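> Build me a model from this:
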Amino acid sequence: MPTSTQREPVEVKIPDQDETRFIARVFEHEAAAISKLAAGVDERYTQAIDLIVKTADAGGTVIVSGLGKSGHIGAKISATMASLGITSHAVHPTEAAHGDLGRFRKSDLAICLSHSGETEELVALASILRQDKLPIIAITRGPKEGKVSSLQRLADVTLEVGVTDEAGDGDFLAPTTSTTAALAIGDALALAVARRRAFTNEDFHARHPGGTLGSLLKPVSELIRFVAGKNLPIATEGDTVADALREASKVVRRPGALLVVDSTGKLAGIFTDSDLRRLILRDPGELQKPIAEVMTRDPKALSIEALTRDAVALFREYRADELPVVDDQHKPVGLLDVQDLIAMKLVEDDA
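Next comes the predicted model:
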């Protein structure tokens, strides 16, 4: 028997077609809100970006604050900014009134999120920051029935979410579309500021060395195990296949391919273990042919300046097992093996 605090489980069956239509309407509702934002971009965004850039360049911090769902969105916006080289952290508006106001400095800027613009704790925080002459960017619904909110009156710039109803056909009051739109505004600000400040992939990698994102932004040069002049066999176009293999056999723990260069030392081709097996099955006598006649000519190659994500893209597009790495004169400096990327879980093993 269920206790007084328990309810009998209720089996709710919703026809699949109705449910999928409902889900599609949620997506459409949120997508429409984003499209509306895109159509309404104006000088207020430029003003907000100016304020953030000025703060960041002066060594200040972008402090983001919101309550409830807006607080969660604010924390994500702050984290995105930090990843893009903008010093930022989130502050709970209630905690600010109990000591965390000490986190704010004269050189800082506040981004305050409140859909209604009337969240009591946030308006109180903004009032104090206004007295201290800190710049404030508000992200709110915007005026309601022509009335400007308290937060908007305190802000230097207000970016309007513009959402008047949430997803869910009016049956659910949980913030959905409004928080999606607020997050999109935060993403746009963070990316636009990073673009204005000429933030690079190298900068991002320095702040985000871990995880898949960090791995994808590593220079290819850090991944190369097979290096020209050390353990990477290199033949010339005039060498026979047999001669090239004889030289390659002297390399301990060699890769599954050797590279071929022309008379100027530039990459001309690649000859893989798979090529060798096919050649022997076809006609062992071809071992005496010049390797230039049986190699894969002008293979896809990576620049030594490339990032790991460039290597992943080439491996996926061409289904190669090895990729030559060349310098700015197209001379081989190494060979990248797909197994290294599989070990890093950046490429799937199709074996």
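> Where does pLDDT dip in the chain?
By pLDDT under 70, the weakly predicted segments of the chain are 1-15, 169, 201, 203-215, 344, 346-351.
> all strands of the stretch 151-300 of the chain, in order?
In the stretch 151-300 of the chain, the strands defined using DSSP state E, counting those that start in this stretch lie at 157-160, 226-227, 234-236, 257-261, 267-272, 296-297.
> Using TSV, lay out those strands together with mean neighbour count.
Every C-beta, even on glycine, is put in place using the N, C-alpha and C of the backbone. Output for these, formatted as TSV (neighbours: other CB atoms under 10 Å):
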stretch	mean neighbour count
strand 157-160	23
strand 226-227	20
strand 234-236	20
strand 257-261	26
strand 267-272	22
strand 296-297	12
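> Adding distance to residue 71, write those out as TSV.
Below are the strands of the stretch 151-300 of the chain laid out as TSV (distance: least, CB to CB, whole Å):
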stretch	distance to residue 71
strand 157-160	17
strand 226-227	50
strand 234-236	59
strand 257-261	54
strand 267-272	55
strand 296-297	56
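> Which one of those lies nearest to residue 138?
In this view, the strands of the stretch 151-300 of the chain are compared for proximity to residue 138 by CB to CB, and strand 157-160 is the closest at 4.5 Å.
> Mind listing residues that contact the closest one?
40, 44-45, 47-48, 51, 136-142, 151-152, 185, 189 (CB atoms under 8 Å, 6 or more residues apart in numbering).
> Of those, keep whichever come out buried.
Restricting the contacts of strand 157-160 to buried positions leaves 45, 48, 51, 136-142, 151-152, 185, 189, with burial counted as 16 or more other CB atoms under 10 Å.
> Which members of those residues are the farthest-apart pair?
Largest pairwise distance in the buried ones among the contacts of strand 157-160, by CB to CB, is 21.0 Å, between 51 and 141.
> can you pull the buried residues of the lengthiest helix in the chain?
When the chain is parsed with DSSP state H, its longest helix is helix 16-39. If you call a residue buried by 16+ other CB under 10 Å, then helix 16-39 has these buried ones: 26, 29, 30, 33, 37.
> what would the residues you listed look like in CSV with distance to residue 67?
Rendered in CSV, the data for the buried residues of helix 16-39 read as follows (distance: CB to CB, whole Å):
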residue, distance to residue 67
26, 24
29, 24
30, 22
33, 21
37, 22
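> and this protein, what are its domains?
What automatic domain parsing lists as the domains of the chain is 22-199, 220-343.
> need those in JSON lines with distance to residue 16, can you?
Listed next are the domains of the chain as JSON lines, based on distance: least, CB to CB, whole Å:
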{"stretch": "domain 22-199", "distance to residue 16": "11"}
{"stretch": "domain 220-343", "distance to residue 16": "34"}
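> coming back round to it: other SSEs contacting the longest helix of the chain?
The contact analysis (3 or more CB pairs under 8 Å, 6 or more residues apart in numbering; DSSP states H and E) places helix 16-39 against helix 177-196.
> which residues touch the helix it packs on?
Contacts made with helix 177-196 from outside it, assessed by CB under 8 Å, 6+ apart, are listed as 29-30, 33-34, 37, 45, 48-49, 52-53, 56, 64, 69-70, 72-74, 76-77, 80-81, 84-86, 111, 113, 115, 137, 139, 141, 159, 161-163, 165-167.
> Would you mind listing which of those are buried?
Those of these that meet the buried threshold are 29-30, 33, 37, 45, 48-49, 52-53, 56, 64, 69-70, 72-74, 76-77, 80-81, 84-86, 111, 113, 115, 137, 139, 141, 159, 161-163, 166-167, by 16+ other CB under 10 Å.
> Give me the phi and psi angles of residue 110.
When read as degrees, to the nearest 10, the backbone of residue 110 gives phi -110, psi 140.
> so it touches residue 104, yeah?
Yes: if you go by CB atoms under 8 Å, residue 110 and residue 104 touch, sitting 7.4 Å apart.
> For residue 41, give its distance to residue 130.
Residue 41 sits 26 Å away from residue 130 when distances are taken as CB to CB, to the nearest Å.
> same deal with residue 332?
As defined by CB to CB, residue 332 lies at a distance of 62 Å from residue 130.
> between the two, which one's more packed in?
More neighbours surround residue 332 than the other of residue 332 and residue 130, with 25 against 16 (other CB atoms under 10 Å).
> dump the residue contacts of the more buried one.
Going by CB under 8 Å, 6+ apart, residue 332 touches 228, 232, 234, 259, 261, 267, 324, 325, 326.
> For the first one, list each beta-bridge partner.
Read it as residue 228. Beta-bridge pairing of residue 228, defined through DSSP bridges, involves residue 232.
> hang on, isn't it packed against residue 327?
No: checked against CB under 8 Å, the pair residue 228 and residue 327 is beyond contact range at 9.4 Å.
> overlap in contacts of those two?
When CB under 8 Å, 6+ apart defines a contact, the residues bordering residue 228 and residue 327 alike are residue 333.
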